[in-house]
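Novice: Any chance you can model this:
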Amino acid sequence: MIFKNELLIFCTGKMYINYLLIFFFALSPIISNSQEQRDLLQQQLQEHPISTWKGLHLKNFNADSIGKKLNELPENLKEQIKEDAKAALNYDWPVIPATSYLEFVRSGDRGVMEQYYRKRNEVLKNLILAELLDRKGRYLDAIINGSWALCEQSSWVLSAHLPLQKTGAGIPDVQDPILDLGAGEIAANLAWVYHLFGKKLEGISPLLNERIVLEIDKKIIQPYVQRNDFGGWDLKNTPL
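Specialist: Numbers count the residues shown, from 1 in each chain. Okay, here's the model as predicted:
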């Protein structure tokens with residue numbers, strides 16, 4: 001349902017990893033007509049490395065305060081969140097088949113791969129909302145499984161956008177990570193998990209949080225900082 005995306009955006013707001021993602025994707029069209037040197041994001045990252053952001057406190061955007069707001073929703077919406085999460089608990093996070101990526105090359109059908117992409121994002125969002133509403137930890141293991149599955153995903157980019165790879169369309173090249181809005185959405189979902197449930201994850205295993213940070217850095221941050229050959233993403237081969 002559309003309201004889930006709106007709730008997640010409203011509830012999580014200014015989390016520090018999302019600062020970067022929102023800035024990256026929102027700023028591109030705004031400055032596309034500018035003739036100035038467009039390296040604002042690169043300069044900010046060089047001057048303020050992600051490691052220095054850990055001291056940023058977002059007291060008004062924690063799981064408890066967001067959960068209280070969710071509990072103020074109409075009963076029918078809260079019941080829908082619970083029903084969707086109940087179904088999400090049964091999702092087994094299947095691996096995206098390599099042939100689903102190849103189908104775009106073979107027939108031009110991008111939907112084969114994207115059905116996995118959409119389902120994974122939908123399930124994780126359902127689980128996040130339910131855990132925020134419930135706050136009893138009953139959905140946490142499923143959130144962990146979903147986050148881990150997304151971290152294990154070779155690429156967060158949609159099959160139709162893989163022609164941006166140096167090797168062209170087809171199988172994702174893990175040695176040539178590229179960017180698209182699909183990758184940004186998965187990174188944002190994982191950032192929500194990190195921000196909202198990071199302390200609980202830390203108590204279960206520190207490796208969970210470390211993996212989320214590692215994959216966002218590897219799949220999103222570093223490709224953007226290190227490269228400027230993404231065509232429409234880097235605005236005529238000029239760094240943003």
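Novice: For the rest of this, base every contact and every neighbour count on C-alpha atoms.
Specialist: OK.
Novice: Distance check, D217 against S107.
Specialist: To S107, D217 is 33 Å away according to CA to CA, to the nearest Å.
Novice: quick one: which of those two has more around it?
Specialist: D217 (16 against 8; other CA atoms under 10 Å).
Novice: quick one: the more buried one from A191, how far?
Specialist: On the measure of CA to CA, D217 and A191 end up 11 Å apart.
Novice: cool, and L181?
Specialist: 15 Å.
Novice: Quick check on those two: which one has the bigger neighbour count.
Specialist: Using other CA under 10 Å as the criterion, L181 and A191 rank with A191 on top: 24 against 15.
Novice: on contacts alone, who are the packing partners of the helix or strand K69 falls within?
Specialist: Element membership for K69, per DSSP states H and E: helix 63-70. Helix 63-70 sits against helix 111-134, with contacts defined as 3 or more CA pairs under 8 Å, 6 or more residues apart in numbering; DSSP states H and E.
Novice: C-terminal to the helix it packs on, what's the next element?
Specialist: Following helix 111-134 in sequence, per DSSP H and E, is helix 140-152.
Novice: I'd like to know which elements the helix or strand following that next one is packed against.
Specialist: Using DSSP H and E, the helix or strand that follows helix 140-152 towards the C-terminus is helix 181-204. Contacts defined by 3+ CA pairs under 8 Å, 6+ apart place helix 181-204 against helix 16-30, helix 111-134, helix 140-152, helix 206-216.
Novice: would you turn these into TSV with distance to A87 and mean neighbour count?
Specialist: Below are those laid out as TSV (distance: least, CA to CA, whole Å; neighbours: other CA atoms under 10 Å):
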stretch	distance to A87	mean neighbour count
helix 16-30	28	15
helix 111-134	9	21
helix 140-152	11	20
helix 206-216	24	17
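Novice: For Q175, find the nearest of these.
Specialist: Among the helices and strands packed on helix 181-204, the nearest to Q175 by CA to CA is helix 206-216 (13.1 Å).
Novice: Can you tell me what sits against that closest one?
Specialist: Here helix 206-216 makes contact (CA atoms under 8 Å, 6 or more residues apart in numbering) with I144, S147, W148, C151, A187, L190, A191, Y194, G198, L201, E202.
Novice: Not counting its neighbours along the chain, what's nearest S155?
Specialist: If the residues on either side of it in the chain are set aside, S155 comes closest to P172, at 6.1 Å by CA to CA, 6 or more residues apart in numbering.
Novice: The one you found against S154, yeah?
Specialist: Yes. Counting by CA atoms under 8 Å, S154 is a contact partner of P172 at 6.8 Å.
Novice: higher neighbour count, the two?
Specialist: P172 (24 against 18).
Novice: how many neighbours does E202 have?
Specialist: By other CA under 10 Å, neighbour count at E202 equals 14.
Novice: ok now do it, which residues does it touch?
Specialist: Each residue near E202 by CA under 8 Å, 6+ apart is listed here: L208, N209.
Novice: low-scoring stretches of the chain, by residue?
Specialist: Applying pLDDT under 70 to the chain flags residues 1-42, 44-45, 48-60, 230-240.
Novice: again, only using 50
Specialist: 1-3, 6-35, 235-240 (pLDDT under 50).
Novice: counting contacts, what elements does the helix or strand harbouring A85 pack onto?
Specialist: Using DSSP H and E, A85 sits within helix 75-88. When contacts are defined as 3+ CA pairs under 8 Å, 6+ apart, helix 75-88 sits against helix 111-134.
Novice: Can you tell me how far the closest residue in space to L70 that isn't next to it in sequence is from A63?
Specialist: Excluding the flanking residues, the one nearest L70 by CA to CA, 6+ apart is L133, at 5.9 Å. L133 sits at a distance of 9 Å from A63 (criterion: CA to CA).
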